[in-house]
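Asks: I'll drop the sequence and a predicted model, then ask my questions.
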Amino acid sequence: MLVSRLFRIVAGVETAAQELSIPAGKSASGNRRRTAESVIRAFFGSNALVAIIVLTLITIFLFREGSGFFGQNLANLRLYRQAGLEYVDIIRTEAEKQTALSRQLGDIRLQQMRAGADQAALEKFDEFANKFGEQLNGLLSDATDQAQALRETMLQPGSHAGASVIETESQDEASTTAAATPAGNEAEQMATLRSATDKFAQIADSMKAPINELLAVPPALTSAKERKAFAKWKAEAEAYLKQLPAVVEKLRAWDPNKPMPAYRAITSFLFGTQWITASFWQDWYGIIPLFVGSLLVSVVALLLAVPLGVCAAIYVSEVASPIEKSLIKPYIEFISAIPSVVLGFFGIAVLGETIRAISRASFMKWVPFFPISERLNVFTAGCLLALMAVPTIFTLAEDALRNVPRGFKEASYALGGNRLQTIVRVLVPAALSGIVSAVLLGLGRVIGETMVVLLCAGNRIAIPDFTQGLGAVFQPVHTMTGIIAQEMGEVVRGSIHYRALFMVGLVLFAITLAINYGAQKLVTRYRMSIG
């Protein structure tokens, strides 16, 4: 204890002596240095503060402009039920199923004709198809007109339903059509519409016996492929007939006054599979088709960009000579300077046409989903986005590899490892967190791109047909960024469509922030792991 206390006294005396021996000039120089450091700290701190303020303002702006969407969407859904549109859509679904079955018969007839069937066999098949018919279309047309008239009545000023609808353009349309639409009692119009239930039940009963007779005596088919297709159609037709009584009960149980829960305004947006705007019938704002399109394009882009970017970073960092580094690195980083609209034009004029031409070549007939009909699709947009993401992934991955301590490499060589073993087993695992963060930042770069996907993705708002396997990659889609850029200039400020686009932007903003946050977390972990 006494010895340690003496050491502390001596250290304190030496420190005091050093402070007393500092000349006044050096003290003034230290003050100036500290002042400069304070200025630098204040400058960079103010930049960080500006970034935080801008981020906060963007978030507040998106919330303010999109906050009224869910209230408007809920009113829109309630009108959809109260006006009977939901009721008519139940009938529409069954009519579309019947139409789809008739279309399948047409496809079987086309196959039979291509197989060289004689005219007598084709006439018998046509007779069979005509007897199947599409009996629900007339009922659907009448019910659609009645529901539209009821909807316009409810949207007229003074109606209890019209007062609850917030959508501005719908109210304007209702005001302009009020003179042409005769005012009627809503209850009477609803009763007239509901009478379609009995008509639907009668049509369903009248269809069963003729269709069962048709199915009992199938037409003669020439090939095994046609017989297999007809057997599949027969099973679907029988299943269609069996579920018609349940549809009749559903129509009878349908209640226009059943409350529409508030959560439907949120779930219909987050999990809805339709994005339909400016419709004469019903607008739907479901983000799933746009999210799936953005996800597919991003996945294709990353599958192409990650191997190219990471392998190029490994080559430049560990294999290339100084001359090769001076050539490869600037050229890869120069890609990021190419305007995205130029890449979009290249995709439309060159890449899309080339991919479609290759799909039609004779040596590609073994691919089940070739040839493709659309030159603008997920794959075309993904290829161009991969080209844009490669510089980001390459630069960050190369930095991660270069920051691995030199001792790791020397230790591997000392243990007898060759260059390939050192790269695969030592350097890449040590830089893995940095490489993963580079991939995530590349994903953020890809998913936020607008012009390329707007020009090259095809802009079809529909979920791709995943039953085709990899063929879904060659189908057109629309993306979250593309829908905002395409429709924002055409919407009325404050309308439900306007606010829906801001909600899409808010979802995209949240996804991008989550990706960047995950990348920063991985970067922090990487820096801590290798010091």
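Replies: Sure thing, it's come through.
Asks: Could you use CA atoms for every contact and neighbour count after this?
Replies: Will do.
Asks: low-scoring stretches of the stretch 51-200 of the chain, by residue?
Replies: 157-184 (pLDDT under 70).
Asks: can you give me the helices for it?
Replies: Under the criterion DSSP state H, counting those that start in this stretch, the stretch 51-200 of the chain carries helices at the ranges 69-82, 85-114, 119-132, 136-155, 168-177, 186-194, 196-216.
Asks: Run through who's touching the last one.
Replies: If I follow you right, that is helix 196-216. By C-alpha atoms under 8 Å, 6 or more residues apart in numbering, the surrounding residues in contact with helix 196-216 are 128, 131-132, 135-136, 139, 143, 234, 241, 244-245, 248, 251-252.
Asks: Separate out the buried members of the residues you listed.
Replies: 128, 132, 135-136, 139, 143, 234, 241, 244, 248, 251 (16 or more other C-alpha atoms under 10 Å).
Asks: just these now: which is nearest residue 397?
Replies: Using C-alpha to C-alpha, residue 234 comes nearest to residue 397 of the buried ones among the contacts of helix 196-216, at 57.2 Å.
Asks: show me where pLDDT drops low in the protein?
Replies: 1-34, 39-46, 157-184, 523, 525-531.
Asks: Please identify which helix or strand holds the one residue sitting closest to the centre of it.
Replies: Nearest to the centroid of the C-alpha atoms of the chain, with distances taken as C-alpha atoms, centre = their mean, sits residue 291, at 1.7 Å. Assessed by DSSP states H and E, residue 291 sits inside helix 288-314.
Asks: now residue 358
Replies: Per DSSP H and E: residue 358 is located in helix 352-359.
Asks: Measure how far that helix is from the centre of its chain, please.
Replies: Its chain's C-alpha centre and that of helix 352-359 lie 24 Å apart, by C-alpha atoms, centre = their mean, to the nearest Å.
Asks: Show the subsequent helix or strand relative to it.
Replies: Next element after helix 352-359 (DSSP H and E): helix 378-402.
Asks: In this structure residue 336 contacts residue 393, no?
Replies: No. Counting by C-alpha atoms under 8 Å, residue 336 stays clear of residue 393, with 11.2 Å between them.
Asks: of these two, who's got more company?
Replies: The residue with more neighbours, out of residue 336 and residue 393, is residue 393; 30 against 15, by other C-alpha atoms under 10 Å.
Asks: List the residues that contact that one.
Replies: Contacts of residue 393 (C-alpha under 8 Å, 6+ apart): 305-306, 309-310, 435, 438-439, 441-442.
Asks: please redo it, this time with the cut-off set to 7 Å
Replies: Going by C-alpha atoms under 7 Å, 6 or more residues apart in numbering, residue 393 touches 306, 309-310, 438-439, 442.
Asks: The residues you listed: which two are farthest apart?
Replies: 310 and 442, at 11.4 Å, using C-alpha to C-alpha across those.
Asks: ok, those two, which is more surrounded?
Replies: Between residue 310 and residue 442, counted using other C-alpha under 10 Å, the more crowded position is residue 442 (30 against 24).
Asks: Checking my notes, the more buried one in a helix, right?
Replies: Yes. Residue 442: assigned to a helix according to DSSP: H, G, I helix; E, B strand; the rest coil.
Asks: Skip the chain neighbours and tell me the closest residue to it.
Replies: Nearest residue to residue 442, sequence neighbours excluded (C-alpha to C-alpha, 6 or more residues apart in numbering): residue 389, at 5.3 Å.
Asks: Residue 520 versus the one you found, what's the distance?
Replies: Noted for residue 389: a distance of 18 Å to residue 520, by C-alpha to C-alpha, to the nearest Å.
Asks: more neighbours, these two?
Replies: Legend: neighbour count by other C-alpha under 10 Å for residue 389 and residue 520, higher for residue 389 (28 against 17).
Asks: That one contacts residue 304, doesn't it?
Replies: No. Using C-alpha atoms under 7 Å, residue 389 is not in contact with residue 304; the gap is 9.4 Å.
Asks: who's in contact with the helix holding residue 358?
Replies: 370-372, 375-376, 380.
Asks: Recalculate using a threshold of 8 Å.
Replies: 364-365, 370-376, 380, 456.
Asks: May I see the buried residues of it?
Replies: Buried residues in helix 352-359 (16+ other C-alpha under 10 Å): 352-353, 355-356, 359.
Asks: swap in stretch 309-318?
Replies: Within stretch 309-318, the residues scored as buried using 16+ other C-alpha under 10 Å are 309-310, 312-318.
Asks: And stretch 197-211, by the same measure?
Replies: 197, 200-201, 204, 207, 211.
Asks: from the contacts of helix 196-216, which two are the most distant?
Replies: Maximum distance among the contacts of helix 196-216 (C-alpha to C-alpha): 32.4 Å, for 128 and 252.
Asks: of the helices of the stretch 51-200 of the chain, which approaches residue 466 most closely?
Replies: Smallest distance to residue 466 across the helices of the stretch 51-200 of the chain (C-alpha to C-alpha): 18.9 Å, for helix 85-114.
Asks: so what does the closest one touch, helix or strand wise?
Replies: If you count contacts as 3 or more C-alpha pairs under 8 Å, 6 or more residues apart in numbering; DSSP states H and E, helix 85-114 packs onto helix 119-132, helix 136-155, helix 224-253.
Asks: deepest of the ones you listed, which one?
Replies: Burial of those is given as mean neighbour count (mean count of other C-alpha atoms under 10 Å); helix 136-155 ranks first at a mean of 20.
Asks: In terms of secondary structure, what does that helix contact?
Replies: helix 85-114, helix 168-177, helix 186-194, helix 196-216.
Asks: so which of the ones you listed is the most packed in?
Replies: Greatest burial across these, using mean count of other C-alpha under 10 Å, falls to helix 85-114, with a mean of 18.
Asks: From the chain's centroid, how far away is it?
Replies: 29 Å.
Asks: ditto for stretch 251-260
Replies: Put simply, stretch 251-260 sits 33 Å off its chain's centre (C-alpha atoms, centre = their mean).
Asks: Just the C-alpha atoms of it, please, in PDB.
Replies: Included here for stretch 251-260 are C-alpha records, laid out as PDB according to Å, rounded to 0.1, in the frame of the first residue of the first chain:
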ATOM      1  CA  LEU A 251     -76.100 -15.100 -52.100                       C
ATOM      2  CA  ARG A 252     -79.000 -15.700 -49.800                       C
ATOM      3  CA  ALA A 253     -76.900 -15.100 -46.700                       C
ATOM      4  CA  TRP A 254     -75.300 -11.900 -48.100                       C
ATOM      5  CA  ASP A 255     -76.200  -8.900 -46.000                       C
ATOM      6  CA  PRO A 256     -75.600  -5.300 -47.300                       C
ATOM      7  CA  ASN A 257     -76.000  -3.900 -43.800                       C
ATOM      8  CA  LYS A 258     -73.300  -6.200 -42.300                       C
ATOM      9  CA  PRO A 259     -70.600  -3.900 -40.800                       C
ATOM     10  CA  MET A 260     -67.400  -3.500 -42.600                       C
END
